[in-house]
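Colleague: return atomic coordinates for the entry below.
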Amino acid sequence: MANFGPKDIKKLREMTDAGMMDCKKALTEAEGDMDKAVDWLRNKGLGAAAKKASKVAAEGAIGVKVEDHKAVIVEINSQTDFVAQNDKFKAVINEVVDHAFANDLEDADAINASEINGQPFSEYLSLQIATIGENLVVRRAALIRGDENSAINGYVHANGKVGVILKAECDSAKTAEAMKEAVRNVAMHAAAMKPTTLSFEDFDIDFVEKETEGRIAAIEKENEELSRLGKTLKHIPLYVSMKQLTEDVLAKAEERLKEELKAEGKPEKIWDRILPGKLARFISDNTTLDQEQCLLDQVFVMDDSKKVSEYIDEQAKAAGGSAKITHFVRLEVGEGIEIVEEDFAAEVAKQMGS
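Modeller: This is a model prediction of the structure:
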């Protein structure tokens with residue numbers, strides 16, 4: 001005797017969007033167990049959860065949670081931005097972020113392999129897919145932990161598309177508490193300015209060399225057009241990162257600058273007042289990669305008179321201590337996902353010809 005009724009079939013149909021007879025068969029096979037029935041439908045490729053899972057999910061939202069000395073960030077993708085703005089989807093984001101935070105889940109793999117609400121996460125996600133009607137993917141996540149000497153904060157942009165979590169190590173708990181707002185300000189900066197790494201020290205030298213070649217070639221090509229138009233040509237740098245500015249390179253640069261000052265007839269006794277500024281300009285001109293991609297070397301968006309690292313130093317000093325940013329994670333919805341554009345007209349023609 002069946003241990004389910006019409007109401008159960010109706011409920012399963014609403015959950016999965018599978019056909020009525022498929023739902024009845026699923027419940028029969030599962031002996032009335034709703035979760036097992038959903039599994040059966042998914043394994044058979046029936047219902048919304050199975051069908052939607054084949055669709056590319058490149059929209060979505062970022063969720064962030066920060067409390068005490070811990071922060072978590074999660075990217076969940078949907079197929080359309082319309083769904084990403086839906087209250088049901090936002091509830092899923094919040095639930096998954098809380099789940100990751102409470103269980104110290106360090107990445108998307110850990111989340112997807114976990115249990116939530118007493119069931120495998122895959123089953124939970126299948127139910128959300130069936131309810132919302134689009135494929136959902138927990139694509140990326142990260143966790144930052146610290147102690148009482150850590151200032152940890154985060155930021156999610158108003159549209160939910162960009163999020164950042166960030167950690168600064170401080171000399172004391174007192175400084176860490178005082179630095180929370182400054183750390184949030186830098187998280188906001190990172191959301192806007194898109195740094196890819198913390199410092200030039202993180203760069204691989206081969207990457208730097210390739211960037212140097214590419215940037216020089218681009219400026220040379222631009223200068224050809226500027227020359228044709230009779231405009232001022234752009235300066236072509238020798239280098240693009242502090243990774244390349246060794247002590248020997250800087251020493252040779254200083255010697256060249258001295259030769260320039262001598263050629264200009266500047267008295268040698270005032271060189272020590274002029275050289276630091278000129279050397280700083282040389283470094284600035286030859287570290288464009290760092291300024292674009294390294295958080296600590298970027299010009300602080302809230303005060304363009306200083307770099308991010310200088311802002312943090314200044315804020316920590318005002319709090320009576322010291323601080324150094326040691327880790328950040330920035331996620332932007334859909335970055336790196338390849339979407340194949342479908343030619344709708346060609347698809348229709350293909351269907352008509354078949």
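Colleague: tell me if G154 really is in a strand.
Modeller: Yes. Checked against DSSP: H, G, I helix; E, B strand; the rest coil, G154 lies within a strand.
Colleague: send me stretch 325-334 as PDB with only the CA atoms.
Modeller: C-alpha atoms of stretch 325-334 as PDB (Å, rounded to 0.1, in the frame of the first residue of the first chain):
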ATOM      1  CA  ILE A 325      47.500  44.300   5.800                       C
ATOM      2  CA  THR A 326      48.300  40.600   5.400                       C
ATOM      3  CA  HIS A 327      45.500  39.100   3.500                       C
ATOM      4  CA  PHE A 328      42.500  40.000   1.400                       C
ATOM      5  CA  VAL A 329      40.000  38.200  -0.900                       C
ATOM      6  CA  ARG A 330      38.000  40.100  -3.600                       C
ATOM      7  CA  LEU A 331      35.300  38.300  -5.500                       C
ATOM      8  CA  GLU A 332      33.300  39.700  -8.400                       C
ATOM      9  CA  VAL A 333      30.200  37.800  -9.700                       C
ATOM     10  CA  GLY A 334      30.900  35.800 -12.800                       C
END
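Colleague: residue boundaries of the strands in the stretch 101-250 of the chain?
Modeller: 115-116, 119-120, 137-145, 150-156, 162-170 (DSSP state E, counting those that start in this stretch).
Colleague: of those strands, which is nearest A323?
Modeller: With respect to A323, and counting by Cβ to Cβ, the nearest of these is strand 162-170 at 4.5 Å. Using the backbone N, CA and C atoms, a C-beta is placed for each residue, glycine as well.
Colleague: got any ranges where the stretch 251-354 of the chain has weak pLDDT?
Modeller: 338-354 (pLDDT under 70).
Colleague: make it 50
Modeller: 342, 344, 347-348, 351, 354 (pLDDT under 50).
Colleague: rewinding a little: export the strands of the stretch 101-250 of the chain as TSV, with columns for mean pLDDT.
Modeller: Shown next, in TSV, are the strands of the stretch 101-250 of the chain (pLDDT from 0 to 100):
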stretch	mean pLDDT
strand 115-116	96
strand 119-120	93
strand 137-145	96
strand 150-156	98
strand 162-170	98
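Colleague: got JSON lines for these, with distance to H235 and mean neighbour count too?
Modeller: Below are the strands of the stretch 101-250 of the chain laid out as JSON lines (distance: least, Cβ to Cβ, whole Å; neighbours: other Cβ atoms under 10 Å):
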{"stretch": "strand 115-116", "distance to H235": "56", "mean neighbour count": "16"}
{"stretch": "strand 119-120", "distance to H235": "59", "mean neighbour count": "14"}
{"stretch": "strand 137-145", "distance to H235": "39", "mean neighbour count": "21"}
{"stretch": "strand 150-156", "distance to H235": "35", "mean neighbour count": "24"}
{"stretch": "strand 162-170", "distance to H235": "33", "mean neighbour count": "24"}
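Colleague: let's have those in JSON lines, adding distance to G63.
Modeller: JSON lines is the format used below for those (distance: least, Cβ to Cβ, whole Å):
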{"stretch": "strand 115-116", "distance to G63": "14"}
{"stretch": "strand 119-120", "distance to G63": "20"}
{"stretch": "strand 137-145", "distance to G63": "9"}
{"stretch": "strand 150-156", "distance to G63": "7"}
{"stretch": "strand 162-170", "distance to G63": "7"}
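Colleague: do you know which of these lies nearest I219?
Modeller: Comparing these by Cβ to Cβ, strand 162-170 comes nearest, at 29.7 Å.
Colleague: and G146, how many residues sit next to it?
Modeller: For G146, the count of nearby residues is 19 (other Cβ atoms under 10 Å).
Colleague: oh, I was asking about A108
Modeller: Using other Cβ under 10 Å as the criterion, the residues surrounding A108 number 18.
Colleague: could you measure from it over to T197?
Modeller: Distance from A108 to T197, counting by Cβ to Cβ, to the nearest Å: 20 Å.
Colleague: partner residues bridging the closest residue to A108 other than its chain neighbours?
Modeller: Taking Cβ to Cβ, 6 or more residues apart in numbering, and ignoring the residues beside it in sequence, A108 has A141 as its nearest neighbour in space, at 4.7 Å. On the basis of DSSP bridges, A141 is bridged to V74.
Colleague: return the distance of A141 relative to A100.
Modeller: From A141 to A100 the distance is 6 Å (Cβ to Cβ).
Colleague: anything in contact with each of these two?
Modeller: V72, V74, A110, I111 (Cβ atoms under 8 Å, 6 or more residues apart in numbering).
Colleague: the residues you listed in helices, which ones?
Modeller: Judged by DSSP state H, helices contain the following of the shared contacts of A141 and A100: A110, I111.
Colleague: check contacts around G146.
Modeller: H69, K70, I152, K167, E169.
Colleague: can you rerun that using 7 Å?
Modeller: Contacts here follow Cβ atoms under 7 Å, 6 or more residues apart in numbering; on that basis G146 touches H69, I152, K167.
Colleague: how about D303?
Modeller: Y311.
Colleague: verify the stated contact: H327 with I144.
Modeller: Yes. With contacts counted by Cβ atoms under 7 Å, H327 reaches I144, the gap being 5.9 Å.
Colleague: residues shared between the contacts of these two?
Modeller: Counting by Cβ under 7 Å, 6+ apart, the residues touching both H327 and I144 are K167.
Colleague: V66 belongs to a helix?
Modeller: No. Under three-state DSSP, V66 sits outside any helix and is assigned strand.
Colleague: quick one: it from K25, how far?
Modeller: 47 Å.
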